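Peer 1: for reference, the sequence and a predicted model appear below.
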Amino acid sequence: MNILDLPPELITVCFSYLKGTDLARVAQSCTLFNEISSIEKLWQDRCRKEYGLPTDTKLNVSFKKWYEKVLHENGSIVGLWRINTTCYGGLIHIWYTEEGDILAEEFYSQKDVHEKLLQKELFCVALDEEKNVQKQWLANCLVPQPCEIHVYKDTRVKDKFSVEQKERKKSAREKEQEKLMFLEDCELRGTHRELCMYKWQSYKQNQFKQSFERIDPSRFEPVAKVPIQPGLFKGMYGGHGTEIVHLYYTSDGSSGQAQKISGDPNVPSGEISIRFDIDKHMVLNKDQQEFKLLSVIEADDEETNIPYKPEKMDRQPFVIPSDIMIDNRNAVCPKYCIARFHGKGTVSPMGYRNPTLINIHFIVFSENQFGVLWMDLHSFSMFSRVEENFPALR
């Protein structure tokens, strides 16, 4: 039996299993296949299944045209990303507008880690009135600028892409306006003024090309029998201001770590900032939390080392020692925690030269809050879960 002898309805069902690129190929084989492969529902399903385009998107062209012009070349960049151009990094969410345009936005924390993230548009991909693809860079410029998106086809770097603007001359007024916009943005994050200028110099050297690395979505999956679930958290890093980290666990759930999504010249984006072991759990009373006593408690101390069993653990008192500095002055520190672990934190001089692991206490207050007591630095940092809903993670 020849496939051409089948009813068109059955051929349509067969075609629904083809990828968009294969659907376009079979359309060239004969008139019947061309007609069936042009059915809009087939292309709507391809846009949804291959690139996650919501079914209620209000396109001003057909789904077939949108697939061919926009998604086939650029749809793979939809998702959650980390800027890896410089040490500062950044959290980037790329998703669709109601009209189907691809919009990239940076999300960053304010001085108060309990507040919602701020966001700004980075670049977009859309069709103009003549149905031609337009790619525009939007961030830190007074007028949107044309840009090119380079998606790496090599499977070894499939989770990376870059965006490049054409270098151009700017007027003195434009340069000054862009600088003011950039510095205002830095100060919203709680960055000290002199470090804002340092960041500005780094930005100027890399402003025409930005590279991105995908944040592994599998590291957001729930994990059993851990004190706090994986996710994105925001916390203060001294004069560098607030930064975002990604907390996740090893495959066996025996240890956790927090990778910097946004970073600084001391510990850059992409590096591991915090590590802790589930089997190095401790229970302390108030009297044991004076710094002189805390600093001598070892991970194998029999008195304080209590195996972590989430179903049997009671909350324990939490006290910040009097000689410990709190990184975020606005932080409201709880009086109790639900778990406390020995761990290691990464510190380094500027330029990430000779990074060192120092002792820390990783302290869980709730499902949405943890703290880090940096023993050698005599400082304490509060971290709050990022509550924003990112459709790319669904």
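Peer 2: That came in fine, so what should we check first?
Peer 1: wait, what's in contact with the spatially most central residue of the chain?
Peer 2: Among the residues of the chain, the one closest to the centroid is L91, at 4.0 Å (C-alpha atoms, centre = their mean). Counting by C-beta atoms under 8 Å, 6 or more residues apart in numbering, L91 touches 80-82, 106-108, 117, 232, 244, 261-262. Any C-beta I mention is one placed from the backbone N, CA and C, and that applies to glycine too.
Peer 1: what does N132 give?
Peer 2: Counting by C-beta under 8 Å, 6+ apart, N132 touches no other residue.
Peer 1: and if you look at S254?
Peer 2: 277-279.
Peer 1: what's around R25, how many residues?
Peer 2: For R25, the count of nearby residues is 13 (other C-beta atoms under 10 Å).
Peer 1: got a list of contacts for the helix or strand of the chain with the lowest mean pLDDT?
Peer 2: In the chain, the helix or strand scored least confidently by mean pLDDT, DSSP states H and E is helix 291-294, which has a mean of 82. Helix 291-294 has contacts (C-beta under 8 Å, 6+ apart) with 284, 287-288, 321-324, 361, 373, 375, 378.
Peer 1: picking up where we left off before, ok, and the most crowded of the contacts of S254?
Peer 2: I278 (20 neighbours).
Peer 1: state the helix or strand in which that one lies.
Peer 2: strand 272-281 (DSSP states H and E).
Peer 1: which other helices and strands contact that strand?
Peer 2: Under the contact criterion of 3 or more C-beta pairs under 8 Å, 6 or more residues apart in numbering; DSSP states H and E, strand 272-281 touches strand 242-249, strand 255-260, strand 339-347, strand 356-366.
Peer 1: show me where pLDDT drops low in the stretch 51-200 of the chain?
Peer 2: Residues of the stretch 51-200 of the chain that meet the criterion pLDDT under 70 lie in 153-158.
Peer 1: quick one: the helices in it?
Peer 2: Under the criterion DSSP state H, counting those that start in this stretch, the stretch 51-200 of the chain contains helices at 63-66, 72-74, 172-188, 193-206.
Peer 1: P227: which of those helices is closest?
Peer 2: For P227, the closest of those is helix 172-188, at 31.3 Å, according to C-beta to C-beta.
Peer 1: any residues touching the closest one, and which ones?
Peer 2: 108, 110-111, 118, 120, 140-142, 170, 193, 195-197, 199-200, 203, 241.
Peer 1: by how many degrees do that helix and strand 242-249 diverge?
Peer 2: Helix 172-188 runs at 50 degrees relative to strand 242-249, counting by axes from the mean of the first three to the mean of the last three C-alpha atoms, to 10 degrees.
Peer 1: may I see the buried residues of helix 172-188?
Peer 2: 178, 182-183, 185-186 (16 or more other C-beta atoms under 10 Å).
Peer 1: same check on stretch 234-251?
Peer 2: By neighbour count with 16+ other C-beta under 10 Å, stretch 234-251 contains the buried residues 234-238, 240-249.
Peer 1: where does pLDDT dip in the stretch 251-394 of the chain?
Peer 2: 299-303, 328-331.
Peer 1: which among the contacts of L91 count as buried?
Peer 2: Buried members of the contacts of L91, scored by 16+ other C-beta under 10 Å, are 80-82, 106-108, 117, 232, 244, 261-262.
Peer 1: list just the nearest of the residues you listed to S348.
Peer 2: S262 (16.1 Å).
Peer 1: thinking again about what came up before, turn the contacts of helix 291-294 into JSON lines, columns for neighbour count.
Peer 2: Output for those, formatted as JSON lines (neighbours: other C-beta atoms under 10 Å):
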{"residue": "L284", "neighbour count": "20"}
{"residue": "D287", "neighbour count": "9"}
{"residue": "Q288", "neighbour count": "15"}
{"residue": "P321", "neighbour count": "15"}
{"residue": "S322", "neighbour count": "7"}
{"residue": "D323", "neighbour count": "9"}
{"residue": "I324", "neighbour count": "17"}
{"residue": "H361", "neighbour count": "23"}
{"residue": "L373", "neighbour count": "24"}
{"residue": "M375", "neighbour count": "18"}
{"residue": "H378", "neighbour count": "13"}
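Peer 1: hang on, the earlier thing: tell me the one of the contacts of L91 nearest M382?
Peer 2: Out of the contacts of L91, the member with the shortest distance to M382 (by C-beta to C-beta) is I244, at 13.8 Å.
Peer 1: for that closest one, list each beta-bridge partner.
Peer 2: K234 (DSSP bridges).
Peer 1: what do you get for D277?
Peer 2: Bridge pairing for D277 (DSSP bridges) gives the partners S255.
Peer 1: quick one: contacts for Q110?
Peer 2: The contact partners of Q110, by C-beta under 8 Å, 6+ apart, come to 116-118, 188-190, 242.
Peer 1: excluding chain neighbours, what is closest to P54?
Peer 2: Y96 (6.5 Å; C-beta to C-beta, 6 or more residues apart in numbering).
Peer 1: and for Y308?
Peer 2: Nearest non-adjacent residue to Y308 (C-beta to C-beta, 6+ apart): H281, at 3.8 Å.
Peer 1: coming back round to it: as CSV, the buried residues of helix 172-188 with distance to I36 would be great.
Peer 2: Output for those, formatted as CSV (distance: C-beta to C-beta, whole Å):
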residue, distance to I36
E178, 52
F182, 53
L183, 58
D185, 51
C186, 55
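Peer 1: which among those residues gets closest to D159?
Peer 2: Nearest to D159, judged by C-beta to C-beta, of those is D185 at 27.0 Å.
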